[in-house]
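# All I have is the shape, not the residue letters:
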């Protein structure tokens, strides 16, 4: 299939995991949705392409919530006390095995967890509004709301703008997760940059479900303070810093 460029698709994918820790299920799911979006956009079925893009958007929301739970476990535990799954659904918020378990909670309730990272009420309302818009179009109404490229572009822009706002609030959390990762592996044996890259990919990128944009946030983080706090490990921090920089360049993230 000779796909065309779908507005905002690549930008949204750059905010989804590079290699999820439940890789087989997530990669297959995302791959199928991307195909759905591409095919429908190519054949000018814009509303169906929009539905697929919204699935990617909600997948981003779930992964972001999961990362909030790792970066702020105490506050997350306090907040989810008030989040109730759908009747008949069982969900242990503190032991999530798959991010898709968040689908057991009403899509308009789950973004309230973003209050932990300082996302304001207006931005949370935008997420809820996007859910309402999708729901309104998903019912049989005898008409389509997204009929042309312009309408699709505006709808896709709304989702991408929401993702950018969440990402901006997540930057501190991502850096904290990176710092925790560095302190956790500093006693590991890695003799060269190649083994450091392997650790970074497995223990940071994959285990924490990081996206391209989140990895770039880690790459921009200075390690001077860590080196000053742990001078005996300054060389290892330097190796890890160099390995992450080169990994980003080799994979085309920068």
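Alright, I've got the coordinates. These numbers come from a predicted model, not from an experiment.
# wait, residue 254 sits on residue 248?
Yes - using C-beta atoms under 8 Å, residue 254 makes contact with residue 248 at a distance of 4.9 Å. Where you see a C-beta, it was placed from the backbone N, CA and C, and this is true even at glycine.
# For those two, list the residues in contact with both.
216, 219 (C-beta atoms under 8 Å, 6 or more residues apart in numbering).
# which one of those two has more residues nearby?
residue 248 (18 against 12; other C-beta atoms under 10 Å).
# Which residues are in contact with that one?
215, 216, 219, 254.
# residue contacts, residue 219?
So residue 219 contacts 244, 245, 248, 253, 254 (C-beta under 8 Å, 6+ apart).
# for those residues, which one is nearest residue 157?
residue 253 (23.3 Å; C-beta to C-beta).
# Assign a three-state SS to the closest one, would you?
What DSSP: H, G, I helix; E, B strand; the rest coil gives for residue 253 is coil.
# ok, back up a step: in JSON lines: the contacts of residue 248, plus pLDDT, secondary structure and distance to residue 27.
Putting the contacts of residue 248 into JSON lines (pLDDT from 0 to 100; DSSP: H, G, I helix; E, B strand; the rest coil; distance: C-beta to C-beta, whole Å) gives the following:
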{"residue": "215", "pLDDT": "98", "secondary structure": "helix", "distance to residue 27": "17"}
{"residue": "216", "pLDDT": "98", "secondary structure": "helix", "distance to residue 27": "21"}
{"residue": "219", "pLDDT": "97", "secondary structure": "helix", "distance to residue 27": "23"}
{"residue": "254", "pLDDT": "88", "secondary structure": "coil", "distance to residue 27": "23"}
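# and the two most separated of those?
Longest span within the contacts of residue 248, C-beta to C-beta: 215 and 254, 9.6 Å.
# Quick check: residue 91 is in a strand.
No - counting by three-state DSSP, residue 91 is not found in a strand; it is coil.
# wait, what's in contact with the residue nearest to residue 131 when sequence neighbours are not counted?
Closest residue in space to residue 131, ignoring its immediate chain neighbours: residue 107 at 4.5 Å, by C-beta to C-beta, 6 or more residues apart in numbering. Counting by C-beta under 8 Å, 6+ apart, residue 107 touches 58, 128, 131.
# Is it correct that the last one is in contact with residue 109?
No - Residue 131 sits out of contact with residue 109 when judged by C-beta under 8 Å, with a separation of 10.0 Å.
# if you count what's nearby, which of these two comes out ahead?
The residue with more neighbours, out of residue 131 and residue 109, is residue 131; 20 against 14, by other C-beta under 10 Å.
# Report the contact partners of the more buried one.
Contacts of residue 131 by C-beta under 8 Å, 6+ apart are 58, 107, 108.
# Now the first one: which helix or strand?
This means residue 58. According to DSSP states H and E, residue 58 maps onto helix 46-71.
# Can you name the element that comes right after that helix?
Counting by DSSP H and E, what follows helix 46-71 is helix 73-79.
# Now that next one: buried residues?
Neighbour-count burial for helix 73-79, counted by 16 or more other C-beta atoms under 10 Å, picks out 76, 79.
# same thing with stretch 115-131?
Buried residues in stretch 115-131 (16+ other C-beta under 10 Å): 116, 117, 119, 123, 124, 126, 127, 128, 130, 131.
# Reformat the residues you listed as a markdown table; add pLDDT, secondary structure and distance to residue 145.
Listed next are the buried residues of stretch 115-131 as a markdown table, based on pLDDT from 0 to 100; three-state DSSP; distance: C-beta to C-beta, whole Å:
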| residue | pLDDT | secondary structure | distance to residue 145 |
| --- | --- | --- | --- |
| 116 | 94 | helix | 33 |
| 117 | 95 | helix | 32 |
| 119 | 95 | coil | 27 |
| 123 | 96 | helix | 23 |
| 124 | 95 | helix | 23 |
| 126 | 96 | helix | 18 |
| 127 | 96 | helix | 19 |
| 128 | 95 | helix | 18 |
| 130 | 95 | helix | 13 |
| 131 | 95 | helix | 15 |
